[in-house]
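Undergrad: sequence first, then the predicted structure:
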Amino acid sequence: MPFVKTRDGVNLHVKDTGTGKPIVLIHGWPLTGDMFEYQTLALLEAGYRVITYDRRGFGQSGHPVGPYNYDTFADDLAAVLHEQNVTGATLVGFSMGGGEIARYLRRHGAGRVEKVALISSVVPYLLKDDSNPQGVDESIFDEMKANIRQDRFEFLQTFAKQFYGIGLVSRPVSAALLDWTFQLAVMASPKATLECVDAFGKTDFRADMASFTMPTLVIHGTGDKTVPIIPSGRAAAAAIPHAEFIEYEGEPHGLFATAPDRLSGDLLNFIGL
């Protein structure tokens, strides 16, 4: 599989398959581009070109000391789109991947982008403060980092259960899928795993939201305990007045696996419009 070199010399692992209109799937923390297995198959079978890549510090991409911030992530996305000669793309960002899109559009413009989908995304701003009283308390992120430092492996296994809403959804994921999730997550650099907690938890994207000038789809589960819907999905839909907003009743954060057929269908409907 090809690698794309970023401007600071980091190799990003890219999978580029299919020959139709390009769909770029940007993964969430702490996984890799392979998390989109269900959606990739559905999009390829529908005749689209599907591009995934592993964020720096994760999966088979390079594991540099840093930096791990959204200006850098956005520039990495720009490198992928340039090197793969992507135009007329639909960008699909899951969880922290939504932040890449927001910052990319602000820093690099929408010249290569036709549509955008934000899935369980962290935009526009997760952190609770005086300007965002319904956000997530900083102590939650601090606890996550402390648990990662203490036993990253135990943390990842425990986190996955909340991620997929184990015990909350009517059709829980299999033990095998949990094992697969752990395998993807444990590939990441410990430093990237830690620093991205602050990146997705504390980056304010509100100034980036005006850059969503193209057709935009926002999907979020009402049962999401990882990225609560009020400061994220609902706030994003409110900040993008022309956005199509779909709430998945009761679905958790990892709805790409708990509601894969529905998500793939909604993406195909949106992309095909």
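TA: Cool, got the structure.
Undergrad: quick one: the helices in the stretch 1-150 of the chain, in order.
TA: Using DSSP state H, counting those that start in this stretch, the helices of the stretch 1-150 of the chain run over residues 37-45, 70-83, 96-108, 138-163.
Undergrad: what does the first one rub up against?
TA: So the one you mean is helix 37-45. 17-18, 23, 25, 50, 52, 92, 256-257, 260-261, 263-265, 267-268 (CB atoms under 8 Å, 6 or more residues apart in numbering). C-beta here means a position set from N, CA and C on the backbone, and glycine is covered the same way.
Undergrad: any of the residues you listed buried? List them.
TA: Using 16 or more other CB atoms under 10 Å as the burial test, those include 18, 23, 25, 50, 52, 92, 256-257, 260, 263-264, 267-268 as buried.
Undergrad: where does pLDDT dip in the stretch 51-200 of the chain?
TA: Residues of the stretch 51-200 of the chain meeting the criterion pLDDT under 70: 169-171.
Undergrad: thinking again about what came up before, from the contacts of helix 37-45, which land in strands?
TA: With strands taken from DSSP state E, the overlap with the contacts of helix 37-45 comprises T17, I23, L25, V50, T52, V92.
Undergrad: partners of the first one in the sheet?
TA: If I follow you right, that is T17. Bridge pairing for T17 (DSSP bridges) gives the partners V50.
Undergrad: wait, what's in contact with the residue sitting furthest away from the middle of the chain?
TA: Computed with CA atoms, centre = their mean, the residue of the chain farthest from its C-alpha average is D130, at 26.1 Å. D130 sits next to no residue when contact means CB under 8 Å, 6+ apart.
Undergrad: what's the burial count for the nearest residue to I230 once chain neighbours are set aside?
TA: Of all residues not flanking I230 in the chain, Q134 sits nearest, at 4.8 Å (CB to CB, 6 or more residues apart in numbering). For Q134, the neighbour count with other CB atoms under 10 Å is 11.
Undergrad: A102 contacts A207, doesn't it?
TA: No. Look at A102 against A207 with CB atoms under 8 Å: they stay out of range, at 9.2 Å.
Undergrad: and L273, what pLDDT?
TA: L273 is assigned 67 on the pLDDT scale.
Undergrad: check P241 too.
TA: 89.
Undergrad: got phi/psi on it?
TA: In terms of degrees, to the nearest 10, the main-chain angles of P241 are phi -60, psi -30.
Undergrad: how much space between it and L91?
TA: P241 sits 19 Å away from L91, going by CB to CB, to the nearest Å.
Undergrad: where's A192, which helix or strand?
TA: Taking DSSP states H and E as the criterion, A192 maps to helix 190-202.
Undergrad: helices and strands around that helix, which ones?
TA: helix 96-108, helix 138-163 (3 or more CB pairs under 8 Å, 6 or more residues apart in numbering; DSSP states H and E).
Undergrad: so can I have JSON lines of these showing mean neighbour count?
TA: Output for those, formatted as JSON lines (neighbours: other CB atoms under 10 Å):
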{"stretch": "helix 96-108", "mean neighbour count": "25"}
{"stretch": "helix 138-163", "mean neighbour count": "15"}
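Undergrad: so for T203, which of those helices sits nearest?
TA: Of all the helices and strands packed on helix 190-202, it is helix 96-108 that lies closest to T203, at 6.1 Å by CB to CB.
Undergrad: dump that closest one to PDB, restricted to CA.
TA: Extracted in PDB, the C-alpha atoms of helix 96-108 (Å, rounded to 0.1, in the frame of the first residue of the first chain):
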ATOM      1  CA  MET A  96     -11.900  13.400  15.900                       C
ATOM      2  CA  GLY A  97     -11.800  13.000  12.100                       C
ATOM      3  CA  GLY A  98     -14.500  15.700  11.900                       C
ATOM      4  CA  GLY A  99     -12.000  18.100  13.400                       C
ATOM      5  CA  GLU A 100      -9.500  17.400  10.500                       C
ATOM      6  CA  ILE A 101     -12.200  18.400   8.000                       C
ATOM      7  CA  ALA A 102     -13.100  21.600   9.900                       C
ATOM      8  CA  ARG A 103      -9.500  22.800  10.200                       C
ATOM      9  CA  TYR A 104      -8.600  21.600   6.700                       C
ATOM     10  CA  LEU A 105     -11.500  23.700   5.200                       C
ATOM     11  CA  ARG A 106     -10.400  26.700   7.100                       C
ATOM     12  CA  ARG A 107      -6.600  26.300   6.300                       C
ATOM     13  CA  HIS A 108      -6.800  25.000   2.700                       C
END
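Undergrad: right, I'll call it a day here.
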